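In: need a structure here:
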Amino acid sequence: MAISPIELRHKLHSNPELAFNEYKTQNILIQSLESLGLRPIIIAKTGLILHIEKDKTKPSILYRADMDALPLVEETGCEFSSTNGNMHACGHDIHMAIMYGVIKEIVEKDIPGNYVFVFQPAEETIGGAKYVIDEMREKYKVKYATALHVTDEYKLGEFASTEGTLFACAMEITAKFKGLSAHIAQKHRGIDALKHAVEFLHEFYHSNIDTNEYGKRVLTGFGKMFAGNVRNAVADYSEVQGSIRGETLEIVLQTFEKISQNAQKYNGTIEKGSLYPPVVNNSKLVEKFRDFVSKSGLNFIDCGMKYTGEDFGFFTMKYPSLMFWAGVRTNDIQYGLHNPKFLPSDEVIPFLVDFMVKWLIELSQVSIH
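Out: So this is what the prediction gives:
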């Protein structure tokens, strides 16, 4: 007998796994989908793809849910809490449960339409969407792509999105500084890599790197730093890790060049890490979604661009797409994403399953040409 979406959520939440290590997650999903008589296909190592096709003459709607968790110790105290040091603190357990619930309803009620369901690994750090798309190639004829992201910034029943760029282009960066180790008593014999990093950061924090030049916004920051090996020796190496977020890839690359030039002044280099393109919504689909939400008696919010990084941008580069925030706050407490106490109520799942089934049916009938 097939489990419910809420039961699936509990299983997934108890077994959170990091990017491209979602093997238990994958296995739980395979078993759940097979209990519905379905045969998902493994994609991008730890992901899954499921194609439900009722009419071979028509294209499909692609719906994506991300799978990976964060290296965060959970503090919710719930009965299905994680015990392995990782946590679904970004709501991906909810995303997967909702999509499973949508699939279950489509199968059990024999709802018409063609759909490509993607359980995507490695959203948080590696950009698993790119690997999924590379493996999909042109195997599926996709009309539109869509995805939701839960947040307690908005209440249950509130949906937020915007035309054009919803989520910024995001590039991880690492500043590396080389020095020469020497005992602290003879520090003049060394080259202090930690000092170089501090001087670089001092200039960064007093610069005007963050701008809104020509209406193209950019935001840059560093959140992790380490250097040296012992307290009584000059550090021969230091590293500072951060991120650049901007409205376009162009402005992110321009900002990267500026920071690189600053690092060179202090015997440093900047390396690029993961790069997520901006999530760019199709304006006509946003209009359709706004009307759909309103007709459903719910609340649409134009939230403008957010500096959130999201690899759904790879899908928006390939297909006319729409991504949106789905509010899940059911009380007055707001923790925010990536918080060890973030735990949306189970009651949001059936509500959002019903919403997404209806939205997919609506998308199947939409023509934006």
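
In: Can you give me the distance of residue 97 to residue 308?
Out: 21 Å (CB to CB, to the nearest Å). Backbone N, C-alpha and C define where each C-beta goes, glycine included.

In: which one of those two has more residues nearby?
Out: A side-by-side neighbour count of residue 97 and residue 308, using other CB atoms under 10 Å, places residue 97 first with 29 against 16.

In: name the element that one belongs to?
Out: helix 92-108 (DSSP states H and E).

In: any idea which strand is longest in the chain?
Out: Looking across the chain with DSSP state E, the single longest strand is strand 142-155.

In: how big is the angle separating that strand from helix 92-108?
Out: 130 degrees (axes from the mean of the first three to the mean of the last three CA atoms, to 10 degrees).

In: got a list of contacts for the helix or strand that comes right after strand 142-155?
Out: Going down the chain from strand 142-155, the next helix or strand is strand 158-161, by DSSP H and E. Applying CB atoms under 8 Å, 6 or more residues apart in numbering, the contact partners of strand 158-161 are 153-154, 281, 286, 289-290, 293, 298-303, 322-327.

In: if we go to 7 Å?
Out: Identification of contacts with strand 158-161 by CB atoms under 7 Å, 6 or more residues apart in numbering yields 154, 281, 286, 289, 293, 298-301, 303, 322-327.

In: With only the CA atoms kept, save stretch 243-255 in PDB.
Out: The C-alpha coordinates for stretch 243-255 follow below in PDB (Å, rounded to 0.1, in the frame of the first residue of the first chain):
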ATOM      1  CA  SER A 243      29.700  34.700  -2.600                       C
ATOM      2  CA  ILE A 244      28.700  37.200  -5.200                       C
ATOM      3  CA  ARG A 245      25.000  37.700  -6.000                       C
ATOM      4  CA  GLY A 246      23.800  39.800  -8.900                       C
ATOM      5  CA  GLU A 247      20.900  40.400 -11.200                       C
ATOM      6  CA  THR A 248      22.800  39.200 -14.200                       C
ATOM      7  CA  LEU A 249      25.700  36.900 -15.000                       C
ATOM      8  CA  GLU A 250      27.500  39.900 -16.500                       C
ATOM      9  CA  ILE A 251      27.500  42.000 -13.400                       C
ATOM     10  CA  VAL A 252      28.600  39.000 -11.300                       C
ATOM     11  CA  LEU A 253      31.600  38.500 -13.600                       C
ATOM     12  CA  GLN A 254      32.400  42.200 -13.500                       C
ATOM     13  CA  THR A 255      32.400  42.200  -9.700                       C
END
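
In: Buried residues, that stretch. List them.
Out: By neighbour count on 16 or more other CB atoms under 10 Å, the buried set for stretch 243-255 is 243, 244, 245, 246, 247, 248, 251, 252, 254, 255.

In: What distance do you get for residue 145 to residue 355?
Out: From residue 145 to residue 355 the distance is 17 Å (CB to CB).

In: and the protein, what are its domains?
Out: The chain breaks down by automatic domain parsing into domains covering 5-167+278-365, 169-276.

In: end to end, how far does stretch 43-57 reach?
Out: End-to-end span of stretch 43-57 (CA to CA, to the nearest Å): 25 Å.

In: for that stretch, the distance to its chain's centre please.
Out: 21 Å (CA atoms, centre = their mean, to the nearest Å).

In: do stretch 109-121 as well
Out: Centroid separation for stretch 109-121 versus its chain: 20 Å, with CA atoms, centre = their mean.

In: and what of stretch 115-125?
Out: Its chain's average C-alpha position is 9 Å from that of stretch 115-125, according to CA atoms, centre = their mean.

In: re earlier: which of the domains of the chain has the highest mean neighbour count?
Out: Scoring the domains of the chain by mean neighbour count under mean count of other CB atoms under 10 Å gives domain 5-167+278-365 as the most buried, with a mean of 19.

In: Show the end-to-end separation of that one, please.
Out: End-to-end distance for domain 5-167+278-365, by CA to CA: 26 Å.

In: next one: stretch 176-187
Out: Start and end residues of stretch 176-187 are separated by 20 Å (CA to CA).

In: and the angle from the next helix or strand after the helix holding residue 97 to helix 92-108?
Out: Per DSSP H and E, the first helix or strand lying C-terminal to helix 92-108 is strand 115-120. Strand 115-120 runs at 160 degrees relative to helix 92-108, counting by the same axes, to 10 degrees.

In: Quick one: list the elements packing against the helix or strand following strand 115-120.
Out: Moving toward the C-terminus from strand 115-120, the next helix or strand (DSSP H and E) is helix 128-136. Judged by 3 or more CB pairs under 7 Å, 6 or more residues apart in numbering; DSSP states H and E, helix 128-136 is in contact with strand 115-120, helix 313-318.

In: and helix 128-136, how far from the chain's centre?
Out: 14 Å.

In: contacts for it?
Out: Residues outside helix 128-136 that contact it (CB under 7 Å, 6+ apart): 19, 43-44, 47, 118, 120-123, 311-312, 314-315, 318.

In: Alright, calling it a day.
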